[in-house]
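Visitor: Give the three-dimensional model of this entry:
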Amino acid sequence: MTEQLLRTTDHPRTDGLRPAALGTWGVVFLVVSAAAPLSVLAGIGPLAVLIGGPSAPLVYAIAGAVLAIFAVGFLFTARHLKPMGGFYTYVTAGLGRVAGLSAGLLAWVSYNLLQIGLWGLFGVMAHGMLAAVFGLDVPWWAASLVGVVLVFGLAALGVDVGAKVLGVLLVLETVMLVILAGSIVLQRGAQFDLGTLAPENVFTPNMLAILGFGFAAFMGFESTVLYRAEARSPERTIPRATYIAVAFLAIFYAATLWIVIQAFGSADVAGVIAADPSSFFFVATGQYVGPWGVTVMFVLIVTSIFAGQLAFHNAINRYSFALSRDGILPSFFSRTNRRGAPWLAGLLQSILGAVVVAGFAIAGLDPLTKLVILVNSPGVYGVIALQLLASIAVVAFIVRNRTLPRRWYVLPAAILSIVLMAVLFVVLVLTVDYLTSAGPVIDALILAVTPTVLAIGVVLALVLRSRGSERFDAIGGNVRTSAQEIIR
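Guide: The predicted structure follows:
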C-alpha cells in the first residue's frame, strides 16, 4: 500500500522538464563536472599536500567511502519518493514540511553560493590562460561575465546538450591527467615509495584539518537525484550514476595526486609546493610531459571550471523549479522553454552571478581571497549540513515506513551516515580557518550563513502553516506516505 501511494505522488508540473533526456553517463557527466576534478587537483590538491603532508591523497578516498555510505540511504529514499526536489523533498519526507522547507532554501542558497563564488576562480584562471597562451590581457571580471553568458546559453539549450558538452570537457581533462600520471609512472615508477601509508604520516592533526578539502572535492555529487524527471529508467539510472560518480572521483583524485607527489618524492614534495602551490601541477607537467602539456593543461583548467559552473547552474535551476512548483518561489521559476529547460530561473540566476561579479570588481576586491572565500565557503558548509539533515531524514523515513522493501544494510548504513556526517561537520567547523584562511570574524560570518538560512526556512514554514496555506501542504512536492504523521 505504501509503495502504491509513493508511486502516485508525481507532481504534474514536473512534466515541464524534458523526460528521458539523460542516460546514466549523461547524469555522470553532469555531476562529475560539477566537482571540476582538474581544478580540484591542480588548484586545491597542492594546498592539501602542503598542510596534510604526503598522505593527503587519502582524504579523497576517505571522503569517497563516507559519501558512498551516505548514498545508500539517500538513494533508498529517492527510489520511493517520485517528486523531483533532492534534499528538499527527502528531508520533507523524513522530518516534515517545516524541516523540508528549511532544507530546500538552504540547498538553493548553498548551490548559488558555490556557483557564484567560483566565478572568481574562473576569472583568474581565464585571465592567466588568455595572457599565457594567446597574449591577451583580459580583466578577470570580463572573463567571468563572458562565462556567465555562455553558461546560461548552453543551459537554455537543454540538459542533454549541456551533458554532451560536459562529457567532452570531462574526457579531455581526464585524458590530460592520465597522460601526466602515465608519464610519471614510466619515468619514475621504480622510485615510488609508500610513505603515504605510514602511520606517522596518516594519523596527524593536519590530516584531520584537510578533511574539508576532501569532502569539498565531491560537491554536487548528490545532485544526481535532481535529474530524476529527465532520466531514462530513473530507478536504475540515478543509483548507477551516483555510485559511478563517487567511485570515479575518489579513485581519480587519490591516485592522480599520489602519482604527482611521486614525481618529486614524498620527502621533497613539500618544498616544491611551498615555492609556488599554484604552479605545482604545471611544473610536473612541464618536467614529465613537455611544454605542450603545460599549454593544454592551462586551457583545460579553465574549461574544467566552466564545466563545473554549467553543472552547478543546472542543479540550481532544478531546485528553483521544485521550489517554484510548490509555490515557495514565484511561479515563473518553473516556466520551461521548448527544450525543457527552466530558462527564466537560469536567467535570473545568471543575472545574480553577474551582479555579484560586477560588485566585487567595482569594489576592487580580490577574486580569490575575497570572492571565492566569502561567497563559496558558506556553500560548502551548507551542503555538508544538508547531507547530515538528509541522513537523519532517511532514518526517520525508514522507521516510519517499515513495510517498504529494502536491503538489510540500508538502515545500518543510514545510521552510520548520521554519525560520520555529524563528526565531519564538527571537525569542519573547528577547522574552518584551514579552509578559508580568512580570520575569526570572516569565519564566524561564513559559519553563520547555514543556521540563518535554516531559521528563515523554519519561520516561513510556520507562518504558512499558521495561515492554513495551500502552499504549506505543497511543500516537498506533495509528498505522501502511509505514515501521514511524519508530514506536518
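Visitor: low-confidence ranges in the stretch 201-350 of the chain?
Guide: Along the stretch 201-350 of the chain, no part satisfies pLDDT under 70.
Visitor: where do the helices sit along it?
Guide: Listed in chain order, the helices of the stretch 201-350 of the chain (DSSP state H, counting those that start in this stretch) span 205-209, 211-216, 234-262, 269-275, 280-288, 291-325, 343-362.
Visitor: mind checking how far the fifth one is from the chain centre?
Guide: What that stands for is helix 280-288. 27 Å (Cα atoms, centre = their mean, to the nearest Å).
Visitor: try the second one
Guide: Remark: helix 211-216 is offset 11 Å from the chain centroid, using Cα atoms, centre = their mean.
Visitor: What are the buried residues along that helix?
Guide: Residues of helix 211-216 classed as buried: 211, 212, 213, 214, 215, 216 (neighbour count, 16 or more other Cβ atoms under 10 Å). Quick note: C-beta positions are derived from backbone N, CA and C, even for glycine.
Visitor: Out of the residues you listed, which comes closest to residue 393?
Guide: Distances from residue 393 to these, taken as Cβ to Cβ, are shortest for residue 215 (19.2 Å).
Visitor: The nearest residue to residue 213 once chain neighbours are set aside: neighbour count?
Guide: In this structure, residue 213 finds its nearest non-sequential neighbour in residue 48, 4.5 Å apart by Cβ to Cβ, 6 or more residues apart in numbering. Counted with other Cβ atoms under 10 Å, the neighbours of residue 48 add up to 30.
Visitor: same check, this time on the one 3 residues further on
Guide: Residue 51 sits with 16 neighbouring residues when counted by other Cβ under 10 Å.
Visitor: Can you tell me the element it falls in?
Guide: If you go by DSSP states H and E, residue 51 is part of helix 45-52.
Visitor: what does that helix contact?
Guide: Contacting residues not belonging to helix 45-52 are listed as 56, 59, 204, 206-207, 209-210, 213-214, 253, 257, 260-261, 269-270, 273-274, 277-278, 280-281, 434 [Cβ atoms under 8 Å, 6 or more residues apart in numbering].
Visitor: Restricted to buried residues, select those in PyMOL.
Guide: Selection of buried members from these for PyMOL, criterion 16+ other Cβ under 10 Å:
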select buried, resi 56+59+206+207+209+210+213+214+253+257+260+261+269+270+273+277+280+281+434
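Visitor: picking that back up, mind putting the buried residues of helix 211-216 into TSV with distance to residue 328?
Guide: Shown next, in TSV, are the buried residues of helix 211-216 (distance: Cβ to Cβ, whole Å):
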residue	distance to residue 328
211	33
212	30
213	33
214	33
215	28
216	28
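Visitor: got the contact list for residue 59?
Guide: 48, 52, 207, 210, 211, 213, 214.
Visitor: Can you lay out those residues as a markdown table showing distance to residue 65?
Guide: Shown next, in a markdown table, are the contacts of residue 59 (distance: Cβ to Cβ, whole Å):
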| residue | distance to residue 65 |
| --- | --- |
| 48 | 17 |
| 52 | 17 |
| 207 | 15 |
| 210 | 16 |
| 211 | 12 |
| 213 | 16 |
| 214 | 10 |
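Visitor: on that earlier part again, so which of the helices of the stretch 201-350 of the chain gets nearest residue 150?
Guide: helix 291-325 (7.3 Å).
Visitor: starting at the chain centroid, how far to the closest one?
Guide: Distance, centroid of helix 291-325 to centroid of chain: 11 Å (Cα atoms, centre = their mean).
Visitor: Which parts of that helix count as buried, going by neighbours?
Guide: Buried, per 16+ other Cβ under 10 Å, within helix 291-325: 293-325.
Visitor: What of stretch 240-255?
Guide: Buried, per 16+ other Cβ under 10 Å, within stretch 240-255: 240-246, 248-250, 252-254.
Visitor: and those residues, which two are the farthest apart?
Guide: So, the buried residues of stretch 240-255 by Cβ to Cβ: farthest apart are 240 and 254, at 21.7 Å.
Visitor: Just the helices from the stretch 51-200 of the chain, written as ranges.
Guide: 58-80, 87-95, 97-134, 140-156, 159-188, 199-202.
Visitor: Out of those, which gets nearest to residue 447?
Guide: helix 97-134 (13.1 Å).
Visitor: who are the neighbours of that closest one, in terms of helices and strands?
Guide: When contacts are defined as 3 or more Cβ pairs under 8 Å, 6 or more residues apart in numbering; DSSP states H and E, helix 97-134 sits against helix 87-95, helix 140-156, helix 291-325, helix 343-362, helix 377-400, helix 440-466, helix 470-478.
Visitor: mind checking which of these is nearest residue 421?
Guide: helix 377-400 (4.1 Å).
Visitor: So what touches the following helix or strand past that closest one?
Guide: Later in the chain than helix 377-400, the nearest helix or strand by DSSP H and E is helix 410-430. Applying Cβ under 8 Å, 6+ apart, the contact partners of helix 410-430 are 66, 69-70, 72-73, 76, 208, 211-212, 215, 381, 384-385, 387-388, 391-392, 394-395, 398, 435, 447.
Visitor: How far away from the center of its chain is the helix holding residue 51?
Guide: On Cα atoms, centre = their mean, the centre of helix 45-52 falls 20 Å from that of its chain.
Visitor: what angle sits between that helix and helix 234-262?
Guide: 70 degrees (axes from the mean of the first three to the mean of the last three Cα atoms, to 10 degrees).
Visitor: Just want the angle from helix 45-52 to helix 58-80.
Guide: 120 degrees.
Visitor: residues of helix 45-52 that come out buried?
Guide: For helix 45-52, by 16+ other Cβ under 10 Å, it's 45, 46, 47, 48, 49, 50, 51, 52.
Visitor: could I get it in PDB with only the CA atoms?
Guide: Taking C-alpha atoms only, helix 45-52 is exported to PDB below (Å, rounded to 0.1, in the frame of the first residue of the first chain):
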ATOM      1  CA  GLY A  45      45.400  19.400  -4.200                       C
ATOM      2  CA  PRO A  46      48.800  21.100  -3.700                       C
ATOM      3  CA  LEU A  47      47.400  23.000  -0.600                       C
ATOM      4  CA  ALA A  48      46.100  19.800   0.800                       C
ATOM      5  CA  VAL A  49      49.600  18.200   0.500                       C
ATOM      6  CA  LEU A  50      51.300  21.300   1.900                       C
ATOM      7  CA  ILE A  51      49.100  21.200   5.000                       C
ATOM      8  CA  GLY A  52      48.500  17.500   5.400                       C
END
